[in-house]
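[1] would you be able to build a 3D model of this:
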Amino acid sequence: MNNQEIVDLFLSQREFYLKDNTLSLDFRLNSLKRLKEEIIKSQDEIAKALFFDLHKSYAEAYLTEIGFVIKEINHAIKNLKKWAKDKRVSPSLLTFPSKGYIQNIPLGQVLIISPWNYPFQLAISPLVGAISAGNTAIIKPAELSPNTSKVIKSIIEKVFPSNYISTVIGGKEENLSLLDLDFNHIFFTGSPVLGKIVMEKASKNLVPITLELGGKSPCIVDKTSDLELSAKRIVFGKFLNSGQTCIAPDYILVDKQVKDKLIECLINSINCLYNDSQNADDYGRIISESHFDRLVSMLMDGKILYGGSISREEKYISPTLITDIHSNSNLLSQEIFGPILPIIAYEDLDIMLEELRRKPKPLALYIFSKNKSTQNKILSKISSGGVCINDTIMHITPDNLPFGGVGNSGMGSYHGKKSFETFSHQRSVLDRKTYLDIPLRYPPFTQTTKKIVKKIM
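    Presented below is the predicted three-dimensional model:
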């Protein structure tokens, strides 16, 4: 799609919105229901596309993408009328008699830029919020997952007119053309590097943004944790989608006293969950050769304890545990975003936490400990987008827990009601009554007036 076609699409959506087509709750609910029906009809096509792009098995595709989105739509359909209700608030004595309330009104035209690692979920999940809140939307899927992008475009075209919801396929040029437009909100999921570009472009038109980024999410394991269960849950979270998950545990910080035992448990869990991973349908592939080469270069930056098998032809890297990492390694400074799990021992929890809190704030923080005081100490010391205690990944599944980053890992959040709020403007309304007008606010101000005003305020 060339620049002029993108501009024309944008203008057609503006006209559609300005005619109030999206305002009624019935329209929004019907849109969500039709979207859900088409996703259910197309689930086999979606799963096949995800397999071609990322080698995702049907079970993983349904668990992390298709089923996830259907659950999100069901939650919005069930709760939309409640979310959209005006919220009464207590007015001030200074405005008596009056009533105050907060309205949720649509932002208008929104742009959703989605990534390649969960290409279906991370395009459609924010769309659910945009539709629920009464906006029009343009989706720009990732170019690195072309098969899934085509399925998304097909689904959207079957369900919605293009002047309401549309999909723009393409690469950098299409992204830049879209970012030059005066949207009312931009929702971006991707890397911090690209997030900065989006933020810079959006600032030229004062477009508000939500950034869902990433970072080096630490996984802290203390000596009180259930090591076998901890290892199983860490292995699941790390090697899901071949490690290409923004909230995957990026590295382990483990108490020195239990490091060897944890490594033993991790190896056992990998053997159990990902046995013969190169020939298994349940283990993914790296999205591109450039990402593959970046990850392979990291394998030389430490001592491989387990794994390290590669196939460039298949873009395959086996689940890998690595330790004794070089001090200047990218494993310590860059988000790994692949199936390489560094293991670092600590001796003193307090010293480790002081070092950790000086690093950029991660998208996720994982704490494996049975000690409540240790859990609370880590929670109070380390800032992060979200936290999961004694598990990984699963904190994104409850509908009522918002998901989002902080600092370098993002800004803003979504999921469930929070998605509706993200794509709405919470407008304050004060409704003054006319049957009484207390003169305290009008000059001239007497000493008595001043005393009364002071007392009220």
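[2] now the strands for the stretch 301-450 of the chain?
    Using DSSP state E, counting those that start in this stretch, the strands of the stretch 301-450 of the chain run over 303-306, 310-311, 316-317, 320-323, 340-346, 364-368, 386-389, 403-404, 410-411, 413-414, 424-432.
[3] and the last one, which strands flank it?
    Each strand paired with strand 424-432, and its direction, by DSSP bridges: strand 98-106 (antiparallel).
[4] which residues touch the strand it pairs with?
    17, 22-23, 83-84, 86-91, 133-135, 420-421, 423-433 (Cβ atoms under 8 Å, 6 or more residues apart in numbering). C-beta coordinates here come from the backbone N, C-alpha and C atoms, glycine included.
[5] which among those residues count as buried?
    For the contacts of strand 98-106, a burial check counting by 16 or more other Cβ atoms under 10 Å picks out 17, 22, 83-84, 91, 133-135, 420-421, 423-424.
[6] any weak-confidence spans in the stretch 201-350 of the chain?
    Applying pLDDT under 70 to the stretch 201-350 of the chain flags no residue at all.
[7] domain map for this structure?
    Using automatic domain parsing, the domains assigned to the chain come out as 3-213+411-429, 218-404.
[8] output these in JSON lines, with distance to residue 449 appended to each entry.
    As requested, those are arranged in JSON lines below (distance: least, Cβ to Cβ, whole Å):
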{"stretch": "domain 3-213+411-429", "distance to residue 449": "12"}
{"stretch": "domain 218-404", "distance to residue 449": "46"}
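[9] quick one, which of those is nearest to residue 456?
    Smallest distance to residue 456 across these (Cβ to Cβ): 5.0 Å, for domain 3-213+411-429.
[10] start and end of stretch 163-181, how far apart?
    End-to-end distance for stretch 163-181: 15 Å, by Cα to Cα, to the nearest Å.
[11] ugh, wrong one, stretch 174-185
    Stretch 174-185: ends 17 Å apart by Cα to Cα.
[12] who's in contact with that stretch?
    Outside stretch 174-185, the residues that touch it by Cβ under 8 Å, 6+ apart are 1, 3, 6-7, 10, 107-111, 113, 135, 138, 140, 168, 186, 198, 201-202, 205, 207-210, 422-423.
[13] who are the contact partners of the residue nearest to residue 93 when sequence neighbours are not counted?
    Among residues not flanking residue 93 along the chain, residue 456 sits closest, at 5.0 Å (Cβ to Cβ, 6 or more residues apart in numbering). By Cβ under 8 Å, 6+ apart, the contact list for residue 456 reads 93-94, 440.
[14] turn these into CSV, including distance to residue 252, pLDDT and neighbour count.
    CSV is the format used below for the contacts of residue 456 (distance: Cβ to Cβ, whole Å; pLDDT from 0 to 100; neighbours: other Cβ atoms under 10 Å):
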residue, distance to residue 252, pLDDT, neighbour count
93, 56, 78, 11
94, 56, 78, 12
440, 64, 79, 14
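[15] okay, these in JSON lines with distance to residue 246 next?
    Shown next, in JSON lines, are the contacts of residue 456 (distance: Cβ to Cβ, whole Å):
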{"residue": "93", "distance to residue 246": "48"}
{"residue": "94", "distance to residue 246": "47"}
{"residue": "440", "distance to residue 246": "54"}
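[16] next secondary structure after the helix or strand harbouring residue 260?
    Per DSSP states H and E, residue 260 falls inside helix 259-273. Per DSSP H and E, the first helix or strand lying C-terminal to helix 259-273 is helix 289-298.
[17] that older thread, let's have the buried ones among the contacts of strand 98-106 in TSV, adding distance to residue 297 and pLDDT.
    Converted to TSV, the buried ones among the contacts of strand 98-106 look like this (distance: Cβ to Cβ, whole Å; pLDDT from 0 to 100):
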residue	distance to residue 297	pLDDT
17	47	97
22	48	97
83	47	98
84	50	97
91	62	85
133	43	98
134	47	98
135	42	98
420	43	98
421	42	97
423	40	98
424	44	98
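[18] restricted to helices, list these.
    Judged by DSSP state H, the buried ones among the contacts of strand 98-106 include 17, 83-84, 420-421 as members of helices.
[19] for the residue positioned nearest the centre of the chain, which non-adjacent residue is spatially closest?
    What sits nearest the mean C-alpha location of the chain, by Cα atoms, centre = their mean, is residue 212, with 4.8 Å. Residue nearest to residue 212 in three dimensions, not counting chain neighbours: residue 189, with 4.2 Å by Cβ to Cβ, 6+ apart.
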